[in-house]
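1. Have a look at this prediction, sequence included:
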Amino acid sequence: MKKKVKGLLGMALAMALLVMCLGGCGAASQGDTDMTADDGDKIQIGMSFDSFVIERWQRDRDVFVSAAKELGAEVNIQNANGDVQQQKDHIDYFIKKGMDVIVIISIDPDELVDSVRKAQDVGIKVIAYDRPIPKALVDLYISFDNEKVGELMGEAMVKAGLDEGGKAVMICGSPKDRNVPMVDGGFKAVMSDNDVEILDEYYCDGWKAELAGDYVYNNPDRIEEADAIMCGNDDLASRVVYALAEKRMAGKKLVVGQDADLEACQRIVEGTQLMTVYKPIEKLAQKAAEAAVSLAKGEELQGDDVSEYVGEAGKVPYLKIEPIAVTQDNIDEVIIGSGFHLKEDVYLNVPGKMPPN
């Protein structure tokens, strides 16, 4: 009996050791999608995100991965958590893994130039997703028309009554995000055309939303003087509106943002945010996945929406998606009608305003 027990114990111990070995040796690094030996003949795409602090990035990830899988590709997702060195390490990891394509949502594009070149030197295609890498000749830059985003913000303010003699404050995104100057340029052009004075420009390092709120608290006179506040995205706008509410000014200043975050849409129907810019993320991610697979196959990118982006390193293919301004007038059609957010979620705080089915 004792021998039988010892035998069973020995078998159990051996099984336990085998499971531990498989768990330790075969575990993918944090954020990886599942990849098996059967995936060896599939197109392999590595995707490095800045972080998932901004609400929209999770949606980009999910749509991209789903679209790529439908096209027969496997995607390895990595999250740099806002650390550019970690993002460099991710790219090195993708190179070592022999990816066909690397997609980068850059933290600091200037710091990634060598990493891009290193990947391309071994035949890996590189896509700059949403944010350009101007000093590198990437194989594709895919984003929205960022200048148009700024124009839509300014036009919404003008339509709401901000005209000659009006005053605005700009609370912009990260100075390292090369989309920011394009958005700012579009906004400033509209302000200039309508003789609106820009009282101040402030940039939030790392897109940290708390810095936007701090600006409102630390500059009460300037905020009081301003008729409108342009926010680099809806996350920044959330802190701005919160700070304005504490000062009993929420709804009294024209506040705009971008990304169509759920809370921003809620603020629009509540009346504390004038507008947001809806960027059809599903379309962007779908197109990016299709482009990644095409590049991996050595196919040339074609279509009316493919133009050129001129960066410091030269011209690169630019796939540009059109953004849409969202206000109370069209939020039901654009946001709810497209399924981007549910009606009951958008009108959660103002059920009396909810449109009928």
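-> Great, that's in hand.

2. what about K176, which SS state?
-> With DSSP: H, G, I helix; E, B strand; the rest coil as the basis, K176 sits in coil.

3. Could you give the number of residues near it?
-> Residues lying near K176 (other C-beta atoms under 10 Å) number 18. In this view, the C-beta of every residue, glycine as well, is placed from N, C-alpha and C.

4. gap between the closest residue to it other than its chain neighbours and I331?
-> The spatially closest residue to K176, leaving aside those adjacent along the chain, is D108, at 4.7 Å (C-beta to C-beta, 6 or more residues apart in numbering). Separation of D108 from I331 (C-beta to C-beta, to the nearest Å) stands at 34 Å.

5. Between the two, which has more neighbouring residues?
-> The neighbour comparison of D108 against I331 (other C-beta under 10 Å) goes to I331, with 24 against 20.

6. Can you list the low-confidence ranges for the protein?
-> Flagging of the chain using pLDDT under 70 yields the residue ranges 1-40.

7. what residue is smack in the middle of it?
-> W57 (4.6 Å; C-alpha atoms, centre = their mean).

8. Do a quick rundown of the helices in the stretch 1-150 of the chain.
-> Listed in chain order, the helices of the stretch 1-150 of the chain (DSSP state H, counting those that start in this stretch) span 2-26, 56-70, 84-97, 113-121, 146-159.

9. cool, the stretch 151-300 of the chain as well?
-> In the stretch 151-300 of the chain, the helices defined using DSSP H, counting those that start in this stretch lie at 180-193, 209-218, 220-225, 234-246, 262-270, 281-296.

10. So which elements touch the fifth one?
-> Using 3 or more C-beta pairs under 8 Å, 6 or more residues apart in numbering; DSSP states H and E as the contact criterion, the elements in contact with helix 262-270 are helix 234-246, strand 276-278, helix 331, helix 343-346.

11. That one to helix 234-246, inter-axis angle?
-> On the basis of axes from the mean of the first three to the mean of the last three C-alpha atoms, to 10 degrees, helix 262-270 is oriented at 50 degrees to helix 234-246.

12. how about the closest residue in space to P280 that isn't next to it in sequence, phi and psi?
-> With C-beta to C-beta, 6+ apart as the criterion, P280 has its nearest non-adjacent residue at 6.4 Å, and that residue is I321. The phi/psi pair for I321 (degrees, to the nearest 10) reads phi -110, psi 140.

13. correct me, but I321 touches A285?
-> No - using C-beta atoms under 8 Å, I321 is not in contact with A285; the gap is 10.1 Å.

14. With neighbour numbers in mind, choose between the two.
-> Higher neighbour count among I321 and A285: A285, with 24 against 18, using other C-beta under 10 Å.

15. Help me confirm that the more buried one comes into contact with Q58.
-> No - look at A285 against Q58 with C-beta under 8 Å: they stay out of range, at 11.1 Å.

16. what's the closest residue to the residue nearest to the centre of the chain other than its chain neighbours in contact with, if anything?
-> Counting by C-beta to C-beta, 6+ apart, W57 lies nearest to F49, which is 5.7 Å off, once chain neighbours are set aside. If you count contacts by C-beta atoms under 8 Å, 6 or more residues apart in numbering, F49 has them with W57, R61, I77, Q78, N79, A80, I105.

17. and if you look at R178?
-> By C-beta under 8 Å, 6+ apart, the residues touching R178 are P109, R131, P132, I133, P134.

18. Most neighbours among those residues, which one?
-> Busiest of the contacts of R178 [other C-beta under 10 Å] is I133, holding 26 neighbours.

19. surely that one meets D114?
-> No - between I133 and D114 there is no contact under C-beta under 8 Å: 11.1 Å.

20. Would you mind measuring from the residue nearest to P280 to K343?
-> Noted for I321: a distance of 25 Å to K343, by C-beta to C-beta.

21. Buried residues in stretch 178-194, which are they?
-> When burial is assessed from 16 or more other C-beta atoms under 10 Å, stretch 178-194 yields the following buried residues: R178, N179, V180, M182, V183, D184, G186, F187, K188, V190, M191, N194.

22. Could you pull up phi and psi at the first one?
-> It refers to R178. Note on R178: its backbone torsions stand at phi -70, psi -10 [degrees, to the nearest 10].
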